[in-house]
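Novice: What follows is a protein structure lacking sequence information:
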């Protein structure tokens, strides 16, 4: 009896378990459904702007409805949704100036429109950029100038911008630039003419102003200058030096050329070549040179960026020098001590040139050194293959030593 009762209860539970989901499904299907709101017309609206928002002002709708507004901004869509049950405003934060398309959707209705906002007044300081902070007073194009007249929300204000400059000599200049493509740009006045110094640049747009910018007006390219020689004769082996001076290095406006401008000095004569680059200071360039190894006349000339000077001549004078130059079989060279006719030693730093020559006279190797206390002792290095002659030049003296060809490389035998 008990077992039968248990079986009946088990069957009842399984039946309820199977029937209950069907009952719930029927109840869900029979529930009362909300009807979608369908409007005959879109609620009337206005688009306004305040300092921080785009304001959509809606009138009373036919019935409560959900409204979605989409702004198509340069940074992407801005979407706002709200329930409209009576007259109401929808504020969407947005401060950028320019054209702004929008879309309103409500109750199956859609409306596309557009609105725009003008930039506010520019604020101080204006953004001023000068293309070059330095320009030559002669020869350079004028620097460009760019101004961004921004309002408090960083919109570019569409107002004219007045550019003003004042040159070092007090001359003033002004022009007005229009805003195009979100900026005002143009060129400063031609820097041609006038003196070097600082040119002040400023800009004004309505009541907004910039901080002052500065353009450094620098000298133009070299147009004039001369090479002089206060001392044009120097004795070999003495402390007398050639003195060269580049003077009056100026641009076409008479301004001394820029300090540090490279001045190239070239010299030649008696088989000798010289080249040096020196900086100018206040339009001048002094250069002192020890005379060369051989007596005779030498010619010098300077060149700069746009100048080639006339040539000047300097003379190296030989004095009588007492002393010997010898070369031992062990390749030891002895020069001096060399003396002047008064018995004084030749100056320290007097140049000595040692040349190794082939049988055809080609210089295979050269060594340059100087005298100390009128004397030089040097053990020569290994000689280049084919060396037939060793020539020593100092203070106008020249002595040659033949090298025996049959000797191994590096070994020297002086032929009497």
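Specialist: Structure received. Keep in mind that what you see is a predicted model, and the values were worked out from it rather than measured.
Novice: Please name the bridge partners of the residue nearest to residue 322 when sequence neighbours are not counted.
Specialist: Leaving aside its chain neighbours, residue 322 sits nearest to residue 339 (4.4 Å; criterion: Cβ to Cβ, 6 or more residues apart in numbering). (Each C-beta comes from the backbone N, C-alpha and C, glycine too.) Going by DSSP bridges, residue 339 is paired in beta bridges with residue 322, residue 345.
Novice: For residue 339, give me its contacts.
Specialist: Residue 339 makes contacts with 321-323, 345-346, 374, as judged by Cβ atoms under 8 Å, 6 or more residues apart in numbering.
Novice: again, only using 10 Å
Specialist: 237, 320-323, 345-346, 374 (Cβ atoms under 10 Å, 6 or more residues apart in numbering).
Novice: Turn those into CSV, including pLDDT, neighbour count and distance to residue 277.
Specialist: Shown next, in CSV, are the contacts of residue 339 (pLDDT from 0 to 100; neighbours: other Cβ atoms under 10 Å; distance: Cβ to Cβ, whole Å):
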residue, pLDDT, neighbour count, distance to residue 277
237, 73, 27, 28
320, 85, 8, 36
321, 85, 19, 33
322, 87, 13, 38
323, 88, 17, 36
345, 89, 18, 33
346, 86, 26, 30
374, 88, 22, 32
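Novice: returning to that earlier point: could you measure from the residue nearest to residue 322 over to residue 376?
Specialist: From residue 339 across to residue 376, the span is 14 Å (Cβ to Cβ, to the nearest Å).
Novice: low-confidence ranges in the stretch 1-150 of the chain?
Specialist: For the stretch 1-150 of the chain, the stretches flagged by pLDDT under 70 are 1-36.
Novice: go again using 90 as the cut-off
Specialist: Scanning the stretch 1-150 of the chain for pLDDT under 90 picks out 1-42, 51, 62-63, 74-75, 85-86, 107-109, 120, 126-129, 131-143, 148.
Novice: What ranges does it have for its strands?
Specialist: For the stretch 1-150 of the chain, applying DSSP state E, counting those that start in this stretch gives strands covering 45-49, 53-58, 65-73, 76-84, 88-93, 98-106, 109-117, 127-130, 134-136, 144-148.
Novice: Would you tell me which of those gets closest to residue 242?
Specialist: In terms of Cβ to Cβ, the element of the strands of the stretch 1-150 of the chain nearest to residue 242 is strand 134-136, at 33.4 Å.
Novice: Chain neighbours aside, what residue packs nearest to the residue nearest the centre of the chain?
Specialist: In the chain, the residue lying closest to the centroid (Cα atoms, centre = their mean) is residue 132, at 10.3 Å. Of all residues not flanking residue 132 in the chain, residue 143 sits nearest, at 4.0 Å (Cβ to Cβ, 6+ apart).
Novice: Ok, which of the strands of the stretch 1-150 of the chain comes nearest residue 271?
Specialist: Between the strands of the stretch 1-150 of the chain, strand 134-136 lies closest to residue 271; by Cβ to Cβ that is 40.8 Å.
Novice: buried set for that closest one?
Specialist: Neighbour counts over strand 134-136 (16 or more other Cβ atoms under 10 Å) mark 135-136 as buried.
Novice: what lines up beside it in the sheet?
Specialist: By DSSP bridges, strand 134-136 pairs with strand 213-218 (parallel).
Novice: Residue 186 falls within a strand, correct?
Specialist: Yes: assigned with DSSP: H, G, I helix; E, B strand; the rest coil, residue 186 falls within a strand.
Novice: Okay, it and residue 160: tell me how far apart.
Specialist: In this view, residue 186 and residue 160 are 12 Å apart by Cβ to Cβ.
Novice: Could you tell me which residues touch both of the two?
Specialist: Contact criterion Cβ under 10 Å, 6+ apart; residues shared by residue 186 and residue 160: 176-178.
Novice: List the beta-bridge partners for the nearest residue to residue 394 once chain neighbours are set aside.
Specialist: Closest residue in space to residue 394, ignoring its immediate chain neighbours: residue 352 at 4.5 Å, by Cβ to Cβ, 6+ apart. Beta-bridge pairing for residue 352 (DSSP bridges): residue 369, residue 394.
Novice: Tell me who's in contact with residue 352.
Specialist: Contacts of residue 352 (Cβ under 10 Å, 6+ apart): 293, 325, 333, 335-336, 338, 367-371, 376, 378, 392-395, 397.
Novice: Format the shared contacts of residue 186 and residue 160 as CSV; extra columns: secondary structure and neighbour count.
Specialist: Listed next are the shared contacts of residue 186 and residue 160 as CSV, based on DSSP: H, G, I helix; E, B strand; the rest coil; neighbours: other Cβ atoms under 10 Å:
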residue, secondary structure, neighbour count
176, strand, 11
177, strand, 20
178, coil, 11
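Novice: Show me what residue 316 bridges to in the sheet.
Specialist: Going by DSSP bridges, residue 316 forms beta bridges with residue 234, residue 296.
Novice: burial of it, as a residue count?
Specialist: 24 (other Cβ atoms under 10 Å).
Novice: can you tell me which residues contact it?
Specialist: Residue 316 touches 233-236, 240, 242, 269-270, 272, 290-298, 395-396, counting by Cβ under 10 Å, 6+ apart.
Novice: filter those residues to the buried ones?
Specialist: 234-236, 240, 242, 269, 290-296, 298, 395-396.
Novice: one step back: out of the shared contacts of residue 186 and residue 160, which comes closest to residue 310?
Specialist: residue 177 (48.4 Å).
Novice: now that closest one: how far from residue 161?
Specialist: Distance, residue 177 to residue 161, by Cβ to Cβ: 5 Å.
Novice: picking that back up, ok, the shared contacts of residue 186 and residue 160 vs residue 221, which is closest?
Specialist: residue 177 (30.4 Å).
Novice: can I assume the closest one is in contact with residue 204?
Specialist: No: judged on Cβ atoms under 10 Å, residue 177 makes no contact with residue 204 at a distance of 11.1 Å.
Novice: For these two, list the residues in contact with both.
Specialist: Contacts common to residue 177 and residue 204, judged by Cβ under 10 Å, 6+ apart, are 147, 149, 160-163.
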